[in-house]
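Chemist: Quick check, what structure comes out for this input:
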Amino acid sequence: MTGTRASEVIFINESFYADSISPAKMDILLSRAWRHFGNHFYRYNLSLYDIYDDDIRRVLPLRVRLEDFSFSKSQRRTLRRNSDLRCEIRPIQITDESNDLFDRHRVRFKHSVPDSIYCFLSSDILLSLVGTRNRTDTRKRTRGLRRKPPRCHQLL
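Modeler: Numbers count the residues shown, from 1 in each chain. So this is what the prediction gives:
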C-alpha cells in the first residue's frame with residue numbers, strides 16, 4: 001500500500017482462508033477491518049455498488065464497543081415491539097420457504113449473483129447439510145433434500 005496524503009486513496013483488497021482463529025487473533029483481525037464469511041477472511045476499502053448505478057464507493061468498516069454501548073430510545077422501542085420473536089441457533093435447514101425467500105432476494109443484485117442458495121453457502125455448510133465428506137454417502141444423503149444442490153461446490 002502506498003500513499004501519505006489524506007487525499008490519496010489507498011486501495012486495499014486482501015483475503016485469506018483459515019480453519020481456526022483464536023479469540024485474541026480474531027479481535028486483532030476485526031480491529032484491522034477484517035471480516036469473514038465461514039473460513040474466508042477478507043478486507044477491502046472500495047466497492048462497486050450497483051444500487052448507485054455502478055458507482056464505486058468507499059467502504060468504512062465500523063466496530064461497536066459493546067462495553068460502552070446502550071440502546072437508543074428507538075432501538076428499545078423496536079425491541080419491545082418485536083419481543084414476541086425468538087432466535088434459534090440450530091443446524092441449517094433449506095426448505096421450500098427459505099429457497100423462495102433467497103430467490104426473491106437475489107433479484108436485487110446485478111453482480112456476483114449466485115445461481116442458487118446452495119451456491120451461496122460455503123462448502124463447509126453444505127457438507128454439514130449432507131452430513132459427510134464421503135462422496136458415495138453424499139450422493140445418498142442429498143436425495144433426501146427437497147431440491148438437489150447444483151454442482152457449484154462439486155459435492156456430487
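
Chemist: so how far is F41 from R86?
Modeler: Using Cβ to Cβ, to the nearest Å, R86 is found at 31 Å from F41. Glycine gets a C-beta too; all of them are placed from N, C-alpha and C.

Chemist: So which of the two has more stuff around it?
Modeler: Comparing R86 with F41 by other Cβ atoms under 10 Å, the one with more neighbours is F41, at 17 against 6.

Chemist: could you say which helix or strand contains the more buried one?
Modeler: Assessed by DSSP states H and E, F41 sits inside strand 40-44.

Chemist: Each with direction, which strands does that strand pair with?
Modeler: The strands beside strand 40-44 in its sheet (DSSP bridges) come out as strand 13-17 (antiparallel), strand 35-37 (antiparallel).

Chemist: who's in contact with it?
Modeler: Contacts of strand 40-44 with the rest of the structure, by Cβ atoms under 8 Å, 6 or more residues apart in numbering, involve 12-18, 21, 29, 32-36, 59, 61, 122.

Chemist: I'd like the next helix or strand past that strand.
Modeler: Following strand 40-44 in sequence, per DSSP H and E, is strand 46-49.

Chemist: What are the buried residues along that next one?
Modeler: Neighbour-count burial for strand 46-49 flags no residue at all (criterion: 16 or more other Cβ atoms under 10 Å).

Chemist: partner strands of it, parallel or antiparallel?
Modeler: Partners of strand 46-49, by DSSP bridges, with direction: strand 55-58 (antiparallel).

Chemist: Downstream of the strand it pairs with, the next helix or strand is which one?
Modeler: Heading C-terminal from strand 55-58 (DSSP H and E), you reach helix 73-81.

Chemist: Now that following helix: average pLDDT?
Modeler: Averaged over helix 73-81, pLDDT sits at 97.

Chemist: For that helix, buried residues please.
Modeler: Of the residues in helix 73-81, none is buried (16+ other Cβ under 10 Å).

Chemist: For F37, which residues count as its bridge partners?
Modeler: H40.

Chemist: Tell me how far it lies from Y17.
Modeler: 11 Å.

Chemist: so which of the strands paired with strand 40-44 is the most packed in?
Modeler: Of the strands paired with strand 40-44, the one with the most neighbours on average (mean count of other Cβ atoms under 10 Å) is strand 35-37, at a mean of 14.

Chemist: Give me the residues contacting that strand.
Modeler: By Cβ under 8 Å, 6+ apart, strand 35-37 touches L29, F41, Y42, R43, P61, S122.
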